Structure formats: structure tokens, C-alpha cells
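Visitor: with the sequence up front, the predicted model follows.
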Amino acid sequence: MRKKKKVNAAILIIGNEILSGRTQDKNIVFISNWLNKNCGITVSEARIIPDVEKIIVKNILLLSKSFNYVFTTGGIGPTHDDITAKSIAKAFKVKYSYHSEAYKILERYYGKKKFNDGRKKMAKMPTTAKLIYNPSSAAPGFITKNVISLPGVPSILNSMIDNCKKYLIKGSMVHSTTLNLFTVESNISKKLGEIQKKYKSSVEIGSYPFFRLGKIGVSVVSRSTSQTKLNKVNKELLDLVKVKKIKILKI
């Protein structure tokens, strides 16, 4: 895996079942954490779209031009509404047909007698794609240009995501610190803004209200590829806490 300083990605969740509320997405959190911890890649955008070819094609073209990588989940199964592979082939103007290696993997897994048309459909994809092997259910994911297509079922996706590593350029690890404070945002907003302005090119600071133990609080999260800069920000935040006499909640 090669390495460069800043590498980003987008996640495209494809599926009517997510938009209808019938299924709760778990893949955005998992993929984002995995990319940051294992590859130093930051997820900068996530979208959820329906199983509609025109919409899939439009989003694939836009996101693939805007980010180093696009991870898609969903729509690569055996049913009529699994159209992700066909849509990606159309987006990049490449042939959509049986991928010879994927076909062999699935035929060997199911056996010739049980290798029906639905299962054969899972071997259809852009014929130039490289495969992402699946240790759970054999049906492979695939990468076309900078678009990595994975199944929507979280347990299967989780089992195969390590097989994506060899296709990725590694970025610098993003470090983070969190201070959970028993205070309100308005009490620290001015100083937080000053600190963010001071370190705007190297550290990202976010504040997120919470309600815990019957009290209102704020989680202040700082993120940076530089541990040194992060330590400096954390020191200034602790100085702010001391001056304001704010209690820190330890979790």
C-alpha cells in the first residue's frame, strides 16, 4: 500500500430499503472507522440513494471525480433490483457481462447443479473490474477505476473489507482527542472559535451537545494528522476549562 499525506473517500449507500426506513444503515460508521484506523483515509461525504440507474450513474460520476475513492454498498445481489454493477459499468462506459473469475468462484462455491440464474447474476459486473474476495458468502465485491463496490449486508461487508487494502493508497493517520465537558456551547463558543482560527490549517475542532446524568454538556472533538499540533490544541482547551471552572466528565 503506497502512502501520501491526504487521501479522502465518499460512501454511497444504495438501496430503497434504507430510504424507506425498513433497514438501518450500519455501514457508514464501520467503513469510516476502518478507513481512518487502517488506511489513514478520511471519509468526507456520505450519501444514500435509491435503486435507480440514472441516479446511481450520476452520483458515481460526480463522486469518482471529487474523491480519491468511492465506496458503494448494496445492489450487487441476485435480484432484479440489484443494479449497482450494471449502473457502474454504464457510468464508466465499460462492458457489463459475466466476469470470468467471479463466475468460476461462484460456480465452484454453489456447484454446477445449484448455480442458478440468480446466483449467476452475482458474477455480472464491469468485465474489467478487479475482485474483492468474500470469505463469508463467496459473491465477490469489485473495484472499477476508483469505485469500490461492496455488499449491503453489514456482516458480509465487515468480513471482506480487509481485502480492499491492496487497492488503496494509504494516507496520514488522523488522530483525535475528546473532552466531555459539563457546560453549554455558548459558554465556550468564543474561545473555541479563536483556537480554531489559530490552528485552522492543521486541526479541526468540533463541538457536540449531549445530555447525560441529568445534565447538559458538550463534547469537544479535535482531529489532526499532526499529534504535536493536536497536543497544543488540547493544552489550550484544558486551559479554557480551568479558567471557566468547567467540570470534565470522564467516560
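Guide: Right, received. Where do you want to start? Residues are numbered from 1 along each chain as shown.
Visitor: contacts and neighbour counts: CA atoms only from here.
Guide: OK.
Visitor: tell me the contacts of the residue nearest to residue 227 when sequence neighbours are not counted?
Guide: Leaving aside its chain neighbours, residue 227 sits nearest to residue 175 (6.5 Å; criterion: C-alpha to C-alpha, 6 or more residues apart in numbering). The neighbourhood of residue 175, defined by C-alpha atoms under 8 Å, 6 or more residues apart in numbering, consists of 223, 224, 225, 226, 227, 230.
Visitor: just those now: which is nearest residue 123?
Guide: Of all these, residue 123 sits closest to residue 225, with 39.7 Å by C-alpha to C-alpha.
Visitor: and the closest one, how many neighbours?
Guide: Neighbour count for residue 225, taken as other C-alpha atoms under 10 Å: 19.
Visitor: now do the same contact list for it.
Guide: Residue 225 is in contact with 172, 173, 174, 175, 202, 203, counting by C-alpha under 8 Å, 6+ apart.
Visitor: are any of these buried, and which?
Guide: Buried residues within these, counting neighbours by 16 or more other C-alpha atoms under 10 Å: 172, 173, 174, 175, 203.
Visitor: domain ranges for this protein?
Guide: Domain ranges of the chain: 7-167, 175-248, per automatic domain parsing.
Visitor: and the helices in this structure?
Guide: Using DSSP state H, the helices assigned to the chain run over residues 16-19, 27-39, 53-66, 84-91, 100-110, 117-121, 154-160, 185-198, 227-244.
Visitor: mind checking the pLDDT average for the first one?
Guide: When you say that, I think you mean helix 16-19. Here helix 16-19 scores 95 as its mean pLDDT.
Visitor: check stretch 90-103 too.
Guide: For stretch 90-103, the mean per-residue pLDDT is 97.
Visitor: residue 151 contacts residue 78, doesn't it?
Guide: No - contact criterion C-alpha atoms under 8 Å: residue 151 and residue 78 do not qualify, at 11.2 Å.
Visitor: quick one: which of those two has more around it?
Guide: For the pair residue 151 and residue 78, the greater number of neighbours falls to residue 151 (24 against 18), based on other C-alpha under 10 Å.
Visitor: dihedrals phi and psi, that one?
Guide: For residue 151, the backbone dihedrals (degrees, to the nearest 10) come out as phi -70, psi 160.
Visitor: can you check the pLDDT for it?
Guide: You'll see residue 151 listed with a pLDDT of 97.
Visitor: please report the distance of the residue nearest to residue 227 from residue 168.
Guide: Per C-alpha to C-alpha, to the nearest Å, residue 175 is found 20 Å from residue 168.
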